[in-house]
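>>> quick one: sequence plus predicted model below, questions after.
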Amino acid sequence: MKWRNIATIYFKELRDLLRDRRTVISMIVVPTLIMPGLMLVVGLISYRIVNEARSTVPTIMVIGGDDSPLARGALAAVGKVAIVPNTSDWKQRIADKKVRAVVEFPAGFDAALKNGEPAAIKIYHYEGELRSTFAVNEVRRFFTDYLDQVVAARLAGRGLPAGFVRPFEVRAENVAPPEKVGGNVIGGIIPYFFLLLSFTGAMYPAMDLTAGEKERGTMEMILCSPVARVDLVLGKFFMVLTASLTTVVCSLLSMGCTFLAGGALLNNALGDGAGGVTRAVTLPTLDPLGVLAVIGMVVPMAVLFSAVLLTVSLFAKSFKEAQTYVSPLVILIILPAVVGMLPGVELNARLALVPILNVSLVSKELVSGVWHWNYLGLIFGSTCVYAGVALALAVKMFNREDVIFRT
Amino acid sequence: MIEARNLTKTFRDRKRGEIHAADDISFRVLPGQIYGLLGANGAGKTTTMRLLATLLRPTRGTAVVAGFDVCAAPEKVRANIGFLAASTALYGRLTARETIAYFGQLNGLKDAEIKARTQRLADELDMGEFLDRRCEKFSTGMKQKTSIARTLIHDPAAMVFDEPTVGLDVMAARTIVRFVRDCRARGKTVIYSTHVMSEVEKLCDVIGIIHGGRLLAEGSLADLRTRYREQDMEEIFVRAVGGEPAAASPGGRS
Ligand SMILES: Nc1ncnc2c1ncn2[C@@H]1O[C@H](COP(=O)(O)OP(=O)(O)O)[C@@H](O)[C@H]1O
Ligand SMILES: [Mg+2]
C-alpha cells in the first residue's frame, strides 16, 4: 500500500468528478437546497393552515330550541361557530360540506333543565371530516361549559360548594425537556436524512468510478499501470467517501442556517396573536452537540455505504446495470431508518448490532440530548467493523478478474 | 524481453463450459523485435496480451516480461510495459496533459521528469495544439496520440499492442504503425496482435499464428513462406489453422 499512489488516484478522481456537472449537483446543490426547500414548504403550509383556522369559523345549523331561548341564545352568543338558518335538507348539507354540524335541541330543553328533568342534545356530524370534527369540538366545548354553569347554579341553589361534584382533579404535566419533545418529532427524521444523504451522495460517484469506467474503457488502462489494486480501491473509496460526507456536511450547514433563519421568519409571521396555535408549529429545539454526534455516527455509516456501493457497482458492466443493482439498495436504507422513526421502537443491545437501524435509533436519542454511552460505543464499533469488512470485500472484488472482465 | 512459457488460461463459462482461451502458449520476443500475434476473432489474442500485462492470472504456465515474472511480480511487470489496446479509452474530463501526468505519477515519476517527458512526447507526436484541451472533444487521431503518449511516459522496456488499429481510418492506423516501428528502433521489445494479414507482413519480425488458444505456427515471414510454400500471408494463415473454416473438423476446439 503506497499512500502516494492512493493520493494520486484520489486527486485525479476528485478533479474528474468535480468537472462533471451531475456530481456537483448531487453532491452539493441538492443537499444544500433540499432542507431550506422542505422548510419553506412546511412553513408555508402551516402558515396557511393556521391563518385559515384563525379566519374561518365553522357553520352549523340549529334544529329545534325555539322554546328554549336561553340555551339557544347562549350558543349563538359564543361566536366560535356561525349559525345559519336551518333547512329541511340539513343532512345533505352536511354531506356537501356546506354545514359542518347540526345541533338538535329536544322540545322544552330550557324547561327540562329548570325542572331537573333529563334531556339530551344531539350533534349530527360527518365522521372523519376534519372541519366537521372542529365544529363538533366547539359545540361540545360550549355545552360542557353550559353544563358546568347549570351544575354550579344547582349547587348554589342547594347551598353546596362548587367542588361538591368534583372532589378531585387529574392533571398531566410534561417533564420532558423541550429537546426531548423535539427529539421524538424531528429527531427521527434528521438522522434518517443524514443517512439517506450519505448514501445518495456516494451513489453516483461509486457507480461512475467503477461500472462507468468499465463502460468507458478506461478501467483496463488504469489496471495495467503499476498501481496495486489495494491502492486503486482505496483511492476510489476515499473519493466516494468524500462525496458522501460532503453531501452530509452541505445538508447539515444548510439545515442549520434554515433552522436559524426559517425559525425566526416563521415565528415573526405567526407571532402576532393566536398564541395557542402558534406554539403548535414552533420549531422544537435540538441539542446541537447531539446533532454533531449524529454526524459522528454517520461517518462510519458513510464508510460502509461507500464500500458497499463500490463493491456492488464494480460488478456491473455499465452504469445502467449498476443503477439496477443500486436502486433496490435505497429501499434497504429506507426500511430500517423508517422503522427507527416509528414511535415505540426502543434501542436494545440486539438492535444496536443491526446496521442503519442502530444509528437511526441512537440518533433519535442523541438529538434529544440523551447519551447512552455504552450503546454509542457498541454501535460505533459494530458499524466500523461492518465498514471494514465491506472495504475488504471491495478490495477482494477488484482482485477478481471475473468481476473486472465480466462478459 | 518477453517470454511466454506454456501460458494457459481457461475460462469457466456457465453456458459454454470450459474455454481454453490460451492453451499452452510459448514464445520469445527479443529487444528490438516486433512479434506479431496473428489470429481471427476469438483466437485468444486479447487473453494472451492480458496475461502478459498481468490483467489476468495464468491458469498454468507463466511469462517473463522485462525480467520479471507475471505471477511473482505483477506490479514490477506493469511498471515495465506499455499497454495499448483498441478498447482502451481516455478520461474524457481530463486534458491530454493531465492524462499523461497521471500515468507518470502512477509510474512513480517525479514532477520535473513528467514535465520534461511530456514536452518531449508532445513535440514528437505533434500534440502541442491540443495538449491542454479535454480528451472528450478529441478526434480519433488526437485520442490516439494521447494514448500513445501515456503508454510511453515511463519509457517502458516492453510494449504490448492489442489490435491497436481496429476501427481506425487509414491515416490514424498509419500513425500507430509508424509508432510501433519507432518502438522497435528504440530497442523496445514489442508484441503486436492483429487479425490483419497485411499488418504482420509489413511490421513483424516474427509471426505467431494463434487459433483456438493454440500457437500453431511461428517464424519470420520468409520462414513461413518457405514452410508453407505460399507467398500470400492469407494463404499461409489458412493452411496453418488447418483449412477453410467450413472444412475445419467439427470436433475441433474453438
Ligand atoms: N472473461 C472471459 N470469460 C469467459 N470467456 C472469455 C473471457 N474473455 C475471453 N473469453 C473467451 O476466450 C476466447 C478468446 O477470446 P479473446 O482472447 O478475446 O480473443 P481475440 O482477442 O483473439 O478475439 C473467446 O472464445 C472468448 O469468448
Ligand atoms: Mg481481442
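Okay, I see it. Ligands and ions are numbered 1, 2, ... in the order given.

>>> and the closest residue to B:Arg60 other than its chain neighbours, helix, strand or coil?
Distances taken as C-beta to C-beta, 6 or more residues apart in numbering or on different chains place B:Thr8 nearest to B:Arg60, at 4.0 Å, with adjacent residues excluded. In short, each C-beta sits where N, CA and C put it, glycine included. Three-state secondary structure (criterion: DSSP: H, G, I helix; E, B strand; the rest coil) places B:Thr8 in strand.

>>> which residues touch the residue nearest the centre of chain B?
Centrality entry for chain B: nearest residue to the mean C-alpha point is B:Phe161, 1.9 Å, by C-alpha atoms, centre = their mean. Residues in contact with B:Phe161 (C-beta atoms under 8 Å, 6 or more residues apart in numbering or on different chains) are B:49, B:84-85, B:176, B:180, B:190-193.

>>> got the phi/psi numbers for it?
Backbone torsions for B:Phe161, taken as degrees, to the nearest 10, come to phi -110, psi 120.

>>> identify the bridge partners of it.
Going by DSSP bridges, B:Phe161 is paired in beta bridges with B:Leu84, B:Tyr192.

>>> and it, how far from B:Ile81?
Look at B:Phe161 and B:Ile81: by C-beta to C-beta, to the nearest Å, they are 11 Å apart.

>>> per-residue pLDDT of the residue nearest to B:Arg60, please?
pLDDT recorded at B:Thr8 is 97.

>>> isn't it right up against B:Arg57?
No - look at B:Thr8 against B:Arg57 with C-beta atoms under 8 Å: they stay out of range, at 10.9 Å.

>>> and those two? Which one has more around it.
Neighbours were counted for B:Thr8 and for B:Arg57 using other C-beta atoms under 10 Å in any protein chain shown; B:Thr8 has more, 18 against 14.

>>> tell me who's in contact with the more buried one.
B:20, B:22-25, B:58-61.

>>> cool, B:Ala173 as well?
B:Thr165.

>>> which strand or helix spans A:Leu332?
Element membership for A:Leu332, per DSSP states H and E: helix A:319-341.

>>> helices or strands up against that helix?
helix A:189-207, helix A:288-315, helix A:357-367 (3 or more C-beta pairs under 8 Å, 6 or more residues apart in numbering or on different chains; DSSP states H and E).

>>> what about stretch A:250-266, average pLDDT?
Per-residue scores along stretch A:250-266 average to 76.

>>> spell out which residues of chain A are next to ligand 1.
Contact residues (C-beta under 6 Å from any ligand atom) of chain A with ligand 1: A:405, A:407.

>>> domain parsing for chain A?
A:3-52+A:178-404, A:56-164 (automatic domain parsing).

>>> how far off centre is stretch A:239-257?
19 Å (C-alpha atoms, centre = their mean, to the nearest Å).

>>> same question, stretch A:8-26
32 Å.

>>> just the buried residues of it, please?
For stretch A:8-26, the neighbour count (16 or more other C-beta atoms under 10 Å in any protein chain shown) marks A:8-10, A:12-14, A:16-17, A:20, A:23, A:26 as buried.

>>> C-alpha coordinates for that stretch, PDB please?
What follows is stretch A:8-26 as a C-alpha-only set of coordinates in PDB (Å, rounded to 0.1, in the frame of the first residue of the first chain):
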ATOM      1  CA  THR A   8      -2.700  10.400  -6.900                       C
ATOM      2  CA  ILE A   9      -5.700   8.400  -7.700                       C
ATOM      3  CA  TYR A  10      -7.800  10.300  -5.200                       C
ATOM      4  CA  PHE A  11      -7.000  13.700  -6.500                       C
ATOM      5  CA  LYS A  12      -7.400  12.500 -10.100                       C
ATOM      6  CA  GLU A  13     -10.900  11.200  -9.300                       C
ATOM      7  CA  LEU A  14     -11.700  14.300  -7.400                       C
ATOM      8  CA  ARG A  15     -10.700  16.600 -10.300                       C
ATOM      9  CA  ASP A  16     -12.600  14.300 -12.700                       C
ATOM     10  CA  LEU A  17     -15.800  14.300 -10.700                       C
ATOM     11  CA  LEU A  18     -15.700  18.000  -9.900                       C
ATOM     12  CA  ARG A  19     -15.700  18.600 -13.700                       C
ATOM     13  CA  ASP A  20     -18.900  16.600 -14.000                       C
ATOM     14  CA  ARG A  21     -21.900  18.700 -13.500                       C
ATOM     15  CA  ARG A  22     -24.100  15.800 -12.400                       C
ATOM     16  CA  THR A  23     -21.800  15.000  -9.500                       C
ATOM     17  CA  VAL A  24     -21.700  18.600  -8.300                       C
ATOM     18  CA  ILE A  25     -25.400  18.800  -8.400                       C
ATOM     19  CA  SER A  26     -25.900  15.500  -6.500                       C
END
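
>>> touching that stretch from outside, list them.
Contacts of stretch A:8-26 (C-beta under 8 Å, 6+ apart): A:27, A:200-201, A:203-205, A:208-209, A:227, A:231-232, A:234-236, A:238-239, A:242-243, A:247, B:91, B:93-94, B:98, B:102, B:105-106, B:134.

>>> now with 7 Å?
Contact with stretch A:8-26 is made by A:200-201, A:204-205, A:209, A:231-232, A:235-236, A:238-239, A:242-243, B:91, B:93-94, B:102, B:105-106, as judged by C-beta atoms under 7 Å, 6 or more residues apart in numbering or on different chains.

>>> go on, stretch A:120-132?
With C-beta under 7 Å, 6+ apart as the criterion, stretch A:120-132 contacts A:58, A:94-95, A:100-106, A:135-136, A:139, A:143.

>>> least confident pick among these?
A:Pro58 (84).

>>> quick one: low-confidence ranges for the chain?
You didn't pick a chain, so chain A it is. Scanning chain A for pLDDT under 70 picks out the ranges A:53-54, A:174, A:176-188, A:262-286.

>>> that's the wrong chain, I wanted chain B
For chain B (pLDDT under 70), the answer is B:244-254.

>>> quick check: closest non-adjacent residue to the closest residue to ligand 2 within it.
Residue nearest to ligand 2 within chain B (C-beta to the ion): B:Thr46, separated by 3.2 Å. Distance criterion C-beta to C-beta, 6+ apart; nearest residue to B:Thr46, sequence neighbours excluded, is B:Asp162 at 5.5 Å.
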